[in-house]
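> Give me coordinates for this.
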Amino acid sequence: MKQRFSSLDVKVIAHELSKSLCSLRVTNIYDLSSRIFLFKFHKPDHREQLIVDSGFRCHLTSYARSTAAAPSPFVARLRKYLKTRRVTSVSQIGTDRIIEFQFSDGLYRIYLEFYAGGNIVLTDGDLNILAILRSVDEGAEHEKLRVGLQYNLSLRQNYGGVPPLTKERIKEGLRKAIERQQDTEATGKKAKKPSRDALRKALAVSMTEYPPLLIDHAMNLVKFDGSLKPDQVFEDESLLDKLLLVLEEAKKISEEITSLDTAKGYILAKPNPAFTTPQEEAPEIEGGNKASRLLYDDFHPFRPRQFENSEYTFLEFDGFNKTVDEFFSSIEGQKLESRLHEREMNAKKKLDHARQEHAKRIGGLQQVQELNFRKAEAIGANIDRVQEAIVAVNGLIGQGMDWVEIAHLIEREQAQRNAVAQLIKLPLKLHENTITLLLDEPNLEAEDEGYETSSVSEDSESEEEKMQKKKRKPPPKPVDKRLTIDIDLGLTPWANASQYYDQKKSAAVKEEKTVLASVKALKSTEKKVTADLMKGLKQEKDILRPVRKQNWFEKYMYFISSDGYLVLGGKDAQQNEILYRKYLKKGDVYVHADLHGAASVIIKNNPSTPDAPIPPSTLSQAGNLSVATSDAWDSKAVMSAWWVNSDQVSKTAPTGEYLVPGGFMIRGKKNFLPPAQLVLGFAVMFQISEESKAKHVKHRLLDEGASERAANAGAAEFQAKQDKEEAMEATSESGSDEDFPDAKLESASEESDGESDRENHGNPLQSARVLQTAQSGQDSDAEETHEASEMKGVEAQESEPQESEPRVDTAGSPSDGDPEPAPSVASSAQTQEKSGRRHLSARERRLLRKGETPGPTPNTSNPPSIQGPATDDEEANSEADETASKVNAPSKRSQTSKPPGNANKGLLPRGKRTKVKKLATKYADQDEEDRALALRLLGSKAGQEAAEAQAQARISKEKEALAQKQRRREQHLRTQALGRATEEARRAVLEGEVGEGEEVIDEEAARLELVGLDSFIGRPLPGDELLTAIPVCAPWSALAAYKYKVKLQPGVTKKGKAVKEILSRWDAAGKDPRALDKKSEDVERVWPREIELIKNWKEAEIYGVVPVGKVRIMMAGGSGTGSAGGAAKAKGKSSRGGRGSKKK
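This is a model prediction of the structure:
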């Protein structure tokens, strides 16, 4: 069996890996064993796994393998340097069995060696070794390798290039082979028998780029005799020319293999001698796979001609990676299965041995009871004889006869055919005061009598028969069937029988106790053996199972409705954004609920008929999913969802309002759905092949005429509604600058209209004005957040009275208010600028009446915030003034805010004026330098300088804050412009306003069409080819036609535990012969292929399919998790009455 790569295998694998792995990044690296490692690579929507077995193999794999719990030091070092690095090159080093991986344009390199003991070497760009799997000491054929040294590539085979293929090179190789043979003979070593492949091996040593099997294959193609010896070919020129043709043919084959992106691979397999039973009766092993008919023996990137007419079976694969993966994974899987099977068989033997021991112990007690009963019955049937024997022996003992003499006497009497003596069995047990009697059982006597009565007289026999009987061998000595019974000489026969009856009763009691103890001991043994088995199975690796490639929609919440529509939901705010940007197209429907945590759900319409209405059942199912993902699931509150068309959803918000990621603005009327039932289902959706689609029909795919008619009617109604809304929008729109998205990552304000909240449902679970499905952190300063909230409040106050305002918040219906419109923010600011007037406080009016000029307000940085009482109108105007000043540039605020002035400073009192004059006279001759020096000596200068420094720092900080604010505002405006352009382009696509010269390539619509929703079914039919099984969690009403489904309701069981229990139930059903249909014909029973696909799931991957946290399983035959079967059983014997009842 082939174990490691040849040079050609390395060349082909390196070529395919270069096509597959270049441009991918390293996701992570794992240990599978001490010398086998798993490299995971990825790029968007593409993942690969690379298995590296040091010294043996390296290939991509499609099977999932269990990894070590913690990385080894070598793997930790690989992760340190290679994680997230991009693969830029994969190549073979010369013609040697070494593959080089380059990461980040040669910044790091890995060398995989597939010869001798093998090795994995990590180097930097200068080939300095950073990590090595196996340190190597210097030897005759290899250099020293350890961390810190340099990896020398010049010593590798043909590193500088492959020499040209010439006759002289062939001669040189043959000459060296002949010299080696002569040296072997000269040293006197025992020469090996001349083999037929001596020439092939000689060429393989000199022509390292061609493996021996490839040369043999080329010899068969060219019809060259491979059994010739090297010296014969070396001496014959014609043979040399023909041998050159052979090598050229091998070179041609090698170049053809690597000319394609993927080369075909061939596995050579032999019949499995252990497989002797038919396929339907083949012994099953762990995992449900039947014993293989073939044993893999070899693999090649070409079809070897030399094995065409042999016992080998050729298995062809597309791609050499797939070939090698199938070859080694099959062998690895068989080893794992055999180890698991062996552990299970050992555990089974232990349990069987324990059961046999307990059964043997109980059986012995039952035999004792039966024997004692028979002995008592035999004594009762032979009372007289027993009495005679007791009297005779007691008489001899009474006469004082020696015990030995008594035994001799009994022997003589037996020889004389004394009936009583023949009952006694020697030796006697007189030291125990007992004798042993041989008594017949009552039933045996009856049989003997019957035999005697049925005998026929021998007189009627002829003489010939008599002669034949004489010639025959004498019949065997009859077996004595009498019971051996010990009789107590001190008791009567009746007392002896009673003693045996008592022994029988005590054995029966002992049997009952032993049975009870055996049951407990057996349970304890089973528990211990099962625990040991589970511990051993955990130590063993899982059976290799293929990795299921996920579909693009599986990253979201998903299901296919009962009408055949794909429904998608976002798991977080980022996914909500992706669904809106990439998948919400014309004709689709957006579904949401005004509940905290409710998911944003979209229903994908048929791309060919986007105007066709979505069926009510699909709308209801999507609403159920949105409500189930909210807080209503935990509180068990029945709430309603709503839906709108795709053109009613946008990321635009009025100026000053922010939408967090995952939040949207809804314009127009919301269509509320009936209250949703909090019932989900976990089910299995199967993907079938193209040939099997004809058996399964979708409703919306068949009735195309009805869909088109409904689409036309719906389009006419929608157009009338749209015209009406456009007319309303035309009267209310004030400018396009306010309709653009705001991409600032900041939490939106959760203020909402009291009126709109009263219009809608007044429950505490409903969300605020802006719907948001995930929390997002704020990255702006507190001043700008306060600014946005104030602007939002003003906008809300001013937008309420406008009936034709198109903006509708995400928590309620359109805002209707006072019919008299209030002035907008921009108009109030202009009015204030023109009039130049502002409202005065009571203090200012009082100062004006006294004839004094009022000083500055205490809060000079916020002029509109004036202390003192004010009317409602004054407060509203002051708030509008403040908002207007914040909407304008910051320079305006700095112009309106003036520092305190000295114009109205009053005169000093008379005493202070005299003091000031004296000080002026005293320091008249003091200049500034003297004054500064004096202040410094007094210590007052330091405080003044500190105050000035603080003032300067405060001024610089304010300037920096203003600069940062201006920078954020500019960035904000740029993002607004980009978002506005994106939104306008999206709206143009939705409305069909694309110019003739423009091309809109809807990749997601094309992907949706390619995914083939009709290939996903819930109940396979006989003859279907099942490709994959996909877990799905959907509203229960959408799973009516599914075969494998379990109902989920709000409960206390964590979803991980619930999923494990569901999978274990399905696995147990697959092992039940009553539920399993091996022929896959009964659609109501379990099919082997279905269970096999379900077993390929990884539990960790399917936990995320369930969108809720805690559930209750409703499943027939369930246990304490709240299954339907358990509930049905509980009805019969309830320990508690209903509401208002009492325990009985």
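> okay, CA-based contacts and neighbour counts for the rest of this
Will do.
> From Val386, how far off is the residue lying farthest from the centre of the chain?
What lies farthest from the middle of the chain is Gln399; by C-alpha atoms, centre = their mean that is 95.7 Å. Relative to Val386, Gln399 is positioned 20 Å away (C-alpha to C-alpha, to the nearest Å).
> do the same with Glu235
Distance, Glu235 to Val386, by C-alpha to C-alpha: 109 Å.
> Which one's more surrounded, the two?
Between Glu235 and Val386, counted using other C-alpha atoms under 10 Å, the more crowded position is Val386 (25 against 11).
> Show me what counts as buried in the helix or strand hosting that one.
Using DSSP states H and E, Val386 maps to helix 383-398. Neighbour-count burial for helix 383-398 flags Arg385, Val386, Gln387, Ala389, Ile390, Val393 (criterion: 16 or more other C-alpha atoms under 10 Å).
> Check which helices and strands the helix ranked longest in the chain sits against.
The single longest helix within the chain, with elements called by DSSP state H, is helix 320-381. Judged by 3 or more C-alpha pairs under 8 Å, 6 or more residues apart in numbering; DSSP states H and E, helix 320-381 is in contact with helix 7-21, strand 57-60, strand 264-271, strand 294-300, helix 442-453, strand 483-488, helix 493-539.
> now the longest one, how far from the centre of its chain.
What it means is helix 493-539. With C-alpha atoms, centre = their mean, to the nearest Å as the basis, helix 493-539 stands 47 Å off its chain's centre.
> how about low-confidence regions in the stretch 51-200 of the chain?
140-141, 185-196 (pLDDT under 70).
> Now do the helices in it.
Remark: helices assigned in the stretch 51-200 of the chain by DSSP state H, counting those that start in this stretch are 73-82, 167-186, 198-206.
> Quick check: which of those is nearest to Ser640?
Ser640 lies closest to helix 73-82 among the helices of the stretch 51-200 of the chain, at 49.8 Å (C-alpha to C-alpha).
> That closest one: which residues count as buried?
For helix 73-82, a neighbour-count test (16+ other C-alpha under 10 Å) marks Phe74, Val75, Arg77, Leu78, Arg79, Tyr81, Leu82 as buried.
> before we move on, the earlier item: deepest-packed of the helices and strands packed on helix 320-381, please.
Among the helices and strands packed on helix 320-381, strand 57-60 has the highest mean neighbour count (mean count of other C-alpha atoms under 10 Å), at a mean of 24.
> May I have it as PDB, with CA atoms only?
Provided in PDB are the C-alpha atoms of strand 57-60 (Å, rounded to 0.1, in the frame of the first residue of the first chain):
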ATOM      1  CA  ARG A  57       1.300  13.600   2.400                       C
ATOM      2  CA  CYS A  58      -0.200  17.100   2.000                       C
ATOM      3  CA  HIS A  59      -3.600  17.700   0.400                       C
ATOM      4  CA  LEU A  60      -6.900  19.600   0.700                       C
END
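> can you list contacts of that strand?
Applying C-alpha atoms under 8 Å, 6 or more residues apart in numbering, the external contacts of strand 57-60 come out as 4-5, 13, 17, 48-52, 114, 321-322, 324-325.
> what sits against the nearest residue to Asp225 once chain neighbours are set aside?
Leaving aside its sequence neighbours, Asp225 sits nearest to Met219 (C-alpha to C-alpha, 6 or more residues apart in numbering; 7.1 Å). Met219 is in contact with Asp225, Gly226, Val246, counting by C-alpha under 8 Å, 6+ apart.
> same thing but 10 Å
For Met219, the contacting residues are 200, 213, 225-226, 242-243, 245-247, 249-250, 305-306, by C-alpha atoms under 10 Å, 6 or more residues apart in numbering.
> Now Ala1041, what are its backbone angles?
Note on Ala1041: its backbone torsions stand at phi -100, psi 10 [degrees, to the nearest 10].
> Do you know the pLDDT at the closest residue to it other than its chain neighbours?
Spatial nearest neighbour of Ala1041, chain neighbours left out: Gly1018 (6.1 Å); criterion: C-alpha to C-alpha, 6+ apart. pLDDT, Gly1018: 89.
> Burial check on Gly1018, number of neighbours?
Using other C-alpha under 10 Å, Gly1018 has 20 neighbouring residues.
> Low-confidence regions, the stretch 301-450 of the chain specifically.
Short version for the stretch 301-450 of the chain, where the test is pLDDT under 70: 443-450.
> Could you say which helix or strand holds the residue nearest the centre of the chain?
The centroid of the chain falls nearest to Glu1101 when counting by C-alpha atoms, centre = their mean (1.8 Å). Using DSSP H and E, Glu1101 maps to helix 1099-1102.
> Show me what counts as buried in that helix.
For helix 1099-1102, the neighbour count (16+ other C-alpha under 10 Å) marks Ile1102 as buried.
> Put the alpha carbons of it into CSV.
This file holds the C-alpha atoms of helix 1099-1102, laid out as CSV (Å, rounded to 0.1, in the frame of the first residue of the first chain):
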residue,chain,number,x,y,z
GLU,A,1099,-23.6,20.3,16.8
ALA,A,1100,-21.7,23.6,17.3
GLU,A,1101,-22.7,24.8,13.8
ILE,A,1102,-26.4,24.1,14.2
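> So which elements touch the host helix or strand of Val684?
Assigned by DSSP H and E, Val684 belongs to strand 680-688. Strand 680-688 sits against helix 616-628, strand 1016-1017, strand 1026-1035, strand 1045-1054, helix 1055-1071, helix 1088-1095, strand 1110-1114, with contacts defined as 3 or more C-alpha pairs under 10 Å, 6 or more residues apart in numbering; DSSP states H and E.
> would you list these in TSV and tack on distance to Leu133 and mean neighbour count?
Below are these laid out as TSV (distance: least, C-alpha to C-alpha, whole Å; neighbours: other C-alpha atoms under 10 Å):
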stretch	distance to Leu133	mean neighbour count
helix 616-628	52	26
strand 1016-1017	47	24
strand 1026-1035	38	22
strand 1045-1054	43	19
helix 1055-1071	38	16
helix 1088-1095	35	19
strand 1110-1114	46	23
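> Of all these, which one is nearest Thr484?
Closest to Thr484 of the helices and strands packed on strand 680-688 is helix 1055-1071 (C-alpha to C-alpha; 52.8 Å).
> which strands and helices sit next to the closest one?
Judged by 3+ C-alpha pairs under 10 Å, 6+ apart, the packing partners of helix 1055-1071 are strand 680-688, strand 1045-1054, helix 1088-1095, helix 1099-1102, strand 1110-1114.
> May I see these arranged in a markdown table, with distance to Lys585 as well?
Shown next, in a markdown table, are those (distance: least, C-alpha to C-alpha, whole Å):
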| stretch | distance to Lys585 |
| --- | --- |
| strand 680-688 | 26 |
| strand 1045-1054 | 31 |
| helix 1088-1095 | 34 |
| helix 1099-1102 | 29 |
| strand 1110-1114 | 34 |
